[in-house]
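Q: coordinates for the following, if possible.
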Amino acid sequence: MLFRSPLAAEELRQPLARVESHPQRPSLLGLRNLSPDGWLLQRLGGEVVPVAPGETVSLAGAERLHTGAGVLTIEP
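A: Reported below is the predicted structural model:
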């Protein structure tokens, strides 16, 4: 589940992301970055993963997603 904290909703004219299944393993889901900006995904252990525009990242073990529109808190 994603929660915004505080996301600039009035600035979002296009989708920020899309949930997609893995091409070879459809039961695995990821979040594709549809924005023109890079993101930073913060995992529970503190690891930070950069996510370039167009890339997809797994949300497993994720805590926060830092986007150009704000920070999203991720809860299981």
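
Q: in this protein, which spans are helices?
A: For the chain, none of the segments meets the definition of helices by DSSP state H.

Q: would you map the strands across the protein?
A: Counting by DSSP state E, the segments of the chain that form strands are 2-5, 17-21, 29-33, 39-43, 48-51, 56-58, 62-67, 70-74.

Q: now residue 66. Nearest residue, chain neighbours left out?
A: Across the structure, with Cβ to Cβ, 6 or more residues apart in numbering as the measure, the residue nearest residue 66 apart from its sequence neighbours is residue 40 (4.2 Å). Where C-beta positions appear, they are placed from N, C-alpha and C, glycine not excepted.

Q: surely that neighbour touches residue 48?
A: Yes. Using Cβ atoms under 8 Å, residue 40 is in contact with residue 48, at 5.4 Å.

Q: look at those two and report which has more neighbours.
A: Set residue 40 next to residue 48 and count neighbours by other Cβ atoms under 10 Å: residue 40 wins out with 13 against 10.

Q: is the more buried one in a bridge, and if so with what?
A: With beta bridges defined as DSSP bridges, residue 40 has these partners: residue 50, residue 66.

Q: pull the helix or strand with minimum mean pLDDT from this protein.
A: Sorted by mean pLDDT, DSSP states H and E, the helices and strands of the chain end with strand 2-5, the least confident at a mean of 48.

Q: re earlier: any idea how far residue 72 is from the residue nearest to residue 66?
A: Distance from residue 40 to residue 72, counting by Cβ to Cβ, to the nearest Å: 11 Å.

Q: mind listing what the residue nearest to residue 66 touches?
A: Neighbour list for residue 40: 48-51, 65-66 [criterion: Cβ atoms under 8 Å, 6 or more residues apart in numbering].
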